[in-house]
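1. Would you be able to build a 3D model of this:
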Amino acid sequence: MRAEEHFEQARDARDAGDLQGALAAIRRAIAGFARQGPDGAGDAANARIEHAAIQLERGRAAFADGELGRAAALLAGHRGAGVAPLRARLSLLRARARRELGRYTEATRDGRTALLLGRHLGGMFLAQVHNELGVISKFSVWFAAAQQHYDAAMPLVRAIHGPRSREMAVLWHNLGGLAHARGDFANGERLARRAVDLLPRRDPERLEHEVAHAALLDGLGRHQEAIAVYRRALRAYRRRFGPQHVEIALALHNLAASEDALGRFGLARRHYALALAMQRRVLGVSHPLRLLTARNLASLEARRES
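-> Numbers count the residues shown, from 1 in each chain. Presented below is the predicted three-dimensional model:
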C-alpha cells in the first residue's frame, strides 16, 4: 500500500474513533513519505500533523507538540498554495496542545497565527479557531476575550452545522465553562445542559458534556448528582483510554472536590492523591490543574489538623 493510502486509512480510522488503527496507519504513512526524500516533505509534514491530531485525541499533548515541531521544520522554506492551509492547521493543533499543557501564552500566540493564516479557509476552520481561542482565553482569565471568540464562532457553527449539531453542543459546553469560571453557576448549568441534551444518551461525546455539567451542579451545591456523573465517567474513561489519561485525572479531581464539600475527607484525600499522581505523569509537575489539585489537598489536610 502506498503512503497516500496509509494516510487516508489513518484519517478514516480517526474519524471512526479507532485511534489505535489510526496510529498504526499514520506511522506507516510517515515512513513511506520519508522514503520519498525532499520531494515528499509537504506530504510528510501533513502526515506528522495528522499524527499529532491522533495523539491529542489520545491525551498525549506533549508528544503532539513535539510532532508539530517536526512538521513545522519540514515546512520551513516551502511556499505554494498547499502550504498555507497546512501551516494554519498546524498552528491550530499547536494552540490546542499547548493549552492542554497549560502553556497559555504560547497557545494564544499559536491561535492568533491560525486565525491569520486561516482567514481564507472558510467558516468551518475559523469557527474551530475562534472556539479554541475562547477556551484558551478562559483559562488565561481573559473572560471578555473568551466571550468575543465564542460570539464569533456561534453564527458560523449554526450556519455550517445547524443548531442541533454536535459542534453546537461543544460551543454550549464551552459557554457553560466560561460562565463557571465567572462564578455564574446557574446560567452555566443552563448552558451546559443544552450541550448534554443535544446528543443521544449512548454517544461517547455526551459524557464529556455531562462531566462539564456536573461541575456546574457542584457549584450549585448539588454534589450527590455530580458525584454519580464523575463515577460513571471514570468507569467509561478507563474502558476507553486505559489507566492513564487527562480526562481521568480531571474526573478524579472533580470527584475529590465533591467529596470534600460533603465532608467525606478520607475519600477526597485518596482521590486528590490519585489525581496528583496521574497529573504528574500525563501533564507534568507544573501544570495549572496539578497546582490546583495540590492546593485543594493541602487545604483539606489543614482543615483536618485544625
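2. Now do the SS call for V141.
-> Following DSSP: H, G, I helix; E, B strand; the rest coil, V141 is assigned to coil.
3. Now do the contacts for the nearest residue to it once chain neighbours are set aside.
-> With sequence-adjacent residues excluded and distances taken as CB to CB, 6 or more residues apart in numbering, V141 is closest to A181, at 7.5 Å. C-beta coordinates here come from the backbone N, C-alpha and C atoms, glycine included. The neighbours of A181, taking CB atoms under 8 Å, 6 or more residues apart in numbering as the test, are K138, V141, F143.
4. Count the neighbours of the last one for me.
-> Right, F143. Neighbours of F143 under the rule other CB atoms under 10 Å: 14.
5. which helices and strands does the helix or strand of the chain with the lowest mean pLDDT pack with?
-> In the chain, no helix or strand scores lower on mean pLDDT, DSSP states H and E than helix 288-305, which sits at a mean of 87. Packing partners of helix 288-305 (3 or more CB pairs under 8 Å, 6 or more residues apart in numbering; DSSP states H and E): helix 246-261, helix 265-282.
6. Mind doing that once more with 6 Å?
-> Packed against helix 288-305 by the contact rule (3 or more CB pairs under 6 Å, 6 or more residues apart in numbering; DSSP states H and E) you find helix 265-282.
7. Buried residues in the helix it packs on, which are they?
-> Residues of helix 265-282 classed as buried under the neighbour-count rule (16 or more other CB atoms under 10 Å) are A268, R269, H271, Y272, L274, A275, L276, M278, Q279, V282.
8. how close does the closest residue to the third one other than its chain neighbours sit to R269?
-> Spelled out, it's H271. Excluding the flanking residues, the one nearest H271 by CB to CB, 6+ apart is A256, at 3.7 Å. Distance, A256 to R269, by CB to CB, to the nearest Å: 8 Å.
9. which residues do these two both contact?
-> By CB atoms under 6 Å, 6 or more residues apart in numbering, A256 and R269 have no common neighbours.
10. so who does the closest residue to D260 other than its chain neighbours touch?
-> Nearest non-adjacent residue to D260, counting by CB to CB, 6+ apart: A268, 3.9 Å away. With contact set as CB under 6 Å, 6+ apart, A268 has these partners: A256, E259, D260, L300.
11. Can you give me the buried ones in stretch 25-34?
-> Using 16+ other CB under 10 Å as the test for burial, stretch 25-34 gives A25, I26, R28, A29, I30, G32, F33, A34.
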